[in-house]
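**Q** Need the 3D shape of this:
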Amino acid sequence: MTLTKAKVVENVYEELELPRKQCADIVESLLEIMKHSLENGDDVLISGFGKFMVKEKSARRGRNPATGEDLILNPRRVVTFKCSGKLRDIVNNGKGKS
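**A** Below you'll find the model as predicted:
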């Protein structure tokens with residue numbers, strides 16, 4: 001099952017016992033802060049969870065899979081994620097399962 005933003009808001013609501021609207025605003029504010037940081041090329045490090053990073057991709061040759069036509073892919077920026085050792089252990093060893 002996918003964890004959606006609505007479920008995150010619900011979990012924050014249950015944990016903090018604040019009004020749902022305030023919980024939604026908190027989650028939305030956090031995501032906006034993360035988006036702006038990544039947009040500016042800054043990394044987002046969440047201790048015990050992982051690090052979101054912006055990487056520059058150079059232009060490169062590619063191929064249209066439908067037609068087989070060669071083309072040049074434009075340079076772009078992509079967001080990557082590297083999980084922390086603690087999160088990796090939880091995922092691999094099943095610790096922290098509900």
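
**Q** buried set for the lengthiest helix in the chain?
**A** Of all segments of type helix in the chain, defined using DSSP state H, the longest is helix 20-39. Burial within helix 20-39, assessed by neighbour count using 16 or more other Cβ atoms under 10 Å, is assigned to 23-24, 26-27, 38. Every residue, glycine included, has its C-beta placed from N, CA and C.

**Q** next structured bit after that helix?
**A** Scanning forward in sequence from helix 20-39, with DSSP states H and E defining helices and strands, the next element found is strand 44-46.

**Q** That following strand: which residues count as buried?
**A** Residues of strand 44-46 classed as buried by neighbour count (16+ other Cβ under 10 Å): Val44.

**Q** same check, this time on stretch 3-16
**A** Within stretch 3-16, the residues that qualify as buried by neighbour count (16+ other Cβ under 10 Å) are 8-9, 12-13.

**Q** so where's this protein shaky on pLDDT?
**A** Judged by pLDDT under 70, the chain has its weakly predicted residues at 95-98.

**Q** how about the strands of it, start to end?
**A** If DSSP state E is used as the criterion, the strands of the chain fall at 44-46, 50-57, 60-63, 70-73, 76-83.

**Q** All set now, cheers.
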